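In: Predicted structure and sequence below. I'll ask about it afterward.
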Protein chains: 4
Amino acid sequence: MEFNDNLPIYIQIMNLIKSEIVSGEICGGDKLLSVREFSKQLKVNPNTIQRTYQELEREGLVFTRRGRGTFVTEDLETIKRLKNDMAGAIIENFILEMKKIGFNSKDIVKIVSEWIEKEER
Amino acid sequence: MEFNDNLPIYIQIMNLIKSEIVSGEICGGDKLLSVREFSKQLKVNPNTIQRTYQELEREGLVFTRRGRGTFVTEDLETIKRLKNDMAGAIIENFILEMKKIGFNSKDIVKIVSEWIEKEER
Amino acid sequence: MEFNDNLPIYIQIMNLIKSEIVSGEICGGDKLLSVREFSKQLKVNPNTIQRTYQELEREGLVFTRRGRGTFVTEDLETIKRLKNDMAGAIIENFILEMKKIGFNSKDIVKIVSEWIEKEER
Amino acid sequence: MEFNDNLPIYIQIMNLIKSEIVSGEICGGDKLLSVREFSKQLKVNPNTIQRTYQELEREGLVFTRRGRGTFVTEDLETIKRLKNDMAGAIIENFILEMKKIGFNSKDIVKIVSEWIEKEER
DNA sequence: GTGGTCTAGACCACA
DNA sequence: GTGGTCTAGACCACC
């Protein structure tokens, strides 16, 4: 994995994990990799992973059991809310960019529909 | 204007100008700022703007008249094609990100429609 | 090597390299001199060589491998096409000059044949 | 007319006049423009034209009649020899360039014939 | 080591 | 004034 220089690495890893949670790649209750293991895989400092898990816990997305590890929250409502929030950010940015190149709201709905249809053919 | 470190500055300026062309902020035949003037405004080296204009010319989006300046192409077909290409790239990326967090094609169309409606209220 | 003032240096160096490619002095896949090394040999600025290689790459005659160097294309078809194009330009110019001093097409073929025969004796 | 910086201007004008003589645009016995008139047309110093005519006279291609002007030689043999010399220089250079990009003598005759044929179609 | 980008500042031809 | 080219020298990412 390659990291972007402009965003703190721990934030980028948070986003990575969030994606996996909301997409269902990892489910409520699943155990995350240990700090040590994960830091080895990503070739980052263990402190960075520590910080990542800590922030995710502050957001209520994971919880830790001392001596057992870090686990994804089992509160499906929280996961659903996260998914909506992330989708909202992506869509908002998408609409912004489309308007920046001169499309209006009606155009956008239409062109997305067309694109999806074309993609499915 | 602030530049992102991950992309060459001349590419970012190209994108800036492309946005202005396809959105209609600058029209076919309009004169761009001179190399020196633009470089002063953006606080970059004149060579960087020179490179920007050169690449845009290579893409057929602008043309230069010696001793006169650099102008947006008058070929509306080219501009239209650019607009479609840019929109395509944005949409493609959008769909990719949405799928990454677990939405399928049908979800995406629906959620965009909802978002646009909500926005207009 | 000495450069003509009427043509940009990077174009002259491009032509130099093209000649070496089509004549087989350097072959498909061969590594070109590094930007720095070549600039030292020709006593020009490294940026000028950089520009040269960039334009050659744009024409599909060379490709670059990051951190490795710049190499002649391995597509023999491209090289063949280049050779034909260059020959065409030289011949066209030759015919033009001959006509300018009063030779017609038939004369030209004849005089070239004679010249070549004479040369081989 | 535009002059190349690398060759003395009077030589370039000599070549111009030689071309016109051998191509028959001006014939044996024809009067050349006066130094003053010609220098005005070409926007060069009259001394340059003076030098041009003087060198052409040294080569036996023109002669001057005091108070009358400068005239092309009436010796057709001289003109013919000049034409052959000029053709020889052009062909020699042509063959050199073709060999530089990897063609041999046989190739050259063949490709010229083809080119001329193609041109006449 | 490699190519790629950028800055700083110069000179040129053209209009 | 305009764009186009060139030099000098810096820093970067990649290998």
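Out: Perfect, thanks for sending it.
In: can you point me to the longest helix in chain A?
Out: helix A:76-100 (DSSP state H).
In: packing partners for the very next helix or strand once past that one?
Out: Sequence order places helix A:105-120 as the next helix or strand after helix A:76-100, per DSSP states H and E. Judged by 3 or more C-beta pairs under 8 Å, 6 or more residues apart in numbering or on different chains; DSSP states H and E, helix A:105-120 is in contact with helix A:76-100, helix B:76-100, helix B:105-120. (C-beta placed from N, C-alpha, C; glycine too.)
In: Need the contact partners of stretch A:40-58.
Out: For stretch A:40-58, the surrounding residues in contact (C-beta atoms under 8 Å, 6 or more residues apart in numbering or on different chains) are A:1, A:9-11, A:13-14, A:17-18, A:32-33, A:35-36, A:38-39, A:62-64, A:70.
In: Let me see the domain layout of chain A.
Out: Recorded structural domains for chain A (assignment: automatic domain parsing) are A:9-74, A:77-120.
In: Rebuild those as a markdown table, extending it with mean neighbour count, mean pLDDT and distance to residue D:55.
Out: Shown next, in a markdown table, are those (neighbours: other C-beta atoms under 10 Å in any protein chain shown; pLDDT from 0 to 100; distance: least, C-beta to C-beta, whole Å):
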| stretch | mean neighbour count | mean pLDDT | distance to residue D:55 |
| --- | --- | --- | --- |
| domain A:9-74 | 16 | 91 | 76 |
| domain A:77-120 | 15 | 91 | 65 |
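In: coming back round to it: and the angle for the longest helix of chain A with helix B:105-120?
Out: Here helix A:76-100 points in a direction 70 degrees away from that of helix B:105-120 (axes from the mean of the first three to the mean of the last three C-alpha atoms, to 10 degrees).
In: can you pull the contacts of the nearest residue to residue A:119 once chain neighbours are set aside?
Out: Leaving aside its sequence neighbours, residue A:119 sits nearest to residue B:105 (C-beta to C-beta, 6 or more residues apart in numbering or on different chains; 6.9 Å). By C-beta under 8 Å, 6+ apart, the contact set of residue B:105 is A:116, A:119, A:120, B:95.
In: how about a markdown table for those residues, with distance to residue D:46 added?
Out: Formatted as a markdown table, the contacts of residue B:105 follow (distance: C-beta to C-beta, whole Å):
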| residue | distance to residue D:46 |
| --- | --- |
| A:116 | 78 |
| A:119 | 76 |
| A:120 | 80 |
| B:95 | 75 |
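In: Considering those, which is situated nearest to residue A:77?
Out: Taking C-beta to C-beta as the measure, residue A:77 lies nearest residue B:95 of the contacts of residue B:105, at 26.7 Å.
In: So that closest one versus chain A, what's the distance?
Out: To chain A, residue B:95 is 7 Å away according to C-beta to the nearest C-beta, to the nearest Å.
In: ok, for that residue, nearest residue in space, not its chain neighbours?
Out: residue B:108 (6.3 Å).
In: wait, residue A:19 sits on residue B:99?
Out: No - the criterion here is C-beta atoms under 8 Å, and residue A:19 misses it with residue B:99 at 10.5 Å.
In: Distance check, the closest residue in space to residue A:28 that isn't next to it in sequence against DNA strand E.
Out: Spatial nearest neighbour of residue A:28, chain neighbours left out: residue A:74 (4.4 Å); criterion: C-beta to C-beta, 6+ apart. The spacing between residue A:74 and DNA strand E, counted by C-beta to the nearest atom of the strand, to the nearest Å, is 47 Å.
In: same thing with residue A:102?
Out: Using C-beta to the nearest atom of the strand, we find residue A:102 at a distance of 26 Å from DNA strand E.
In: Pretty sure residue A:119 sits against residue B:95.
Out: Yes - counting by C-beta under 8 Å, residue A:119 touches residue B:95, with 7.4 Å between them.
In: quick one: which helix or strand includes residue A:49?
Out: With DSSP H and E as the test, residue A:49 turns up in helix A:46-58.
In: For the contacts of residue B:105, give me a markdown table that also has distance to DNA strand E.
Out: Converted to a markdown table, those look like this (distance: C-beta to the nearest atom of the strand, whole Å):
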| residue | distance to DNA strand E |
| --- | --- |
| A:116 | 34 |
| A:119 | 31 |
| A:120 | 36 |
| B:95 | 28 |
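In: With respect to chain D, which of the residues you listed is nearest?
Out: Ranked by distance to chain D (C-beta to the nearest C-beta), these are led by residue A:119 at 48.0 Å.
In: Now residue A:91. Nearest residue, chain neighbours left out?
Out: Nearest non-adjacent residue to residue A:91, counting by C-beta to C-beta, 6+ apart: residue B:115, 5.1 Å away.
In: Quick check: the one you found vs residue A:93, distance?
Out: 12 Å (C-beta to C-beta, to the nearest Å).
In: Same check on residue A:87?
Out: Distance from residue A:87 to residue A:93, by C-beta to C-beta: 11 Å.
In: mind checking pLDDT for residue A:2?
Out: Model confidence at residue A:2, given as pLDDT, is 66.
In: I meant residue A:6, not that one.
Out: pLDDT, read off for residue A:6, is 66.
In: On the three-state scheme, residue A:17 is what?
Out: Judged by DSSP: H, G, I helix; E, B strand; the rest coil, the three-state class of residue A:17 is helix.
In: so it sits right up against residue A:33, yeah?
Out: No - counting by C-beta under 8 Å, residue A:17 does not reach residue A:33; the two are 9.8 Å apart.
In: element containing residue A:64?
Out: Assigned by DSSP H and E, residue A:64 belongs to strand A:62-65.
In: Could you name the helices and strands sitting against that strand?
Out: So strand A:62-65, by 3+ C-beta pairs under 8 Å, 6+ apart, packs with helix A:46-58, strand A:69-72.
In: what residues does it touch?
Out: By C-beta under 8 Å, 6+ apart, strand A:62-65 touches A:32, A:53, A:56, A:57, A:70, A:71, A:72, A:73.
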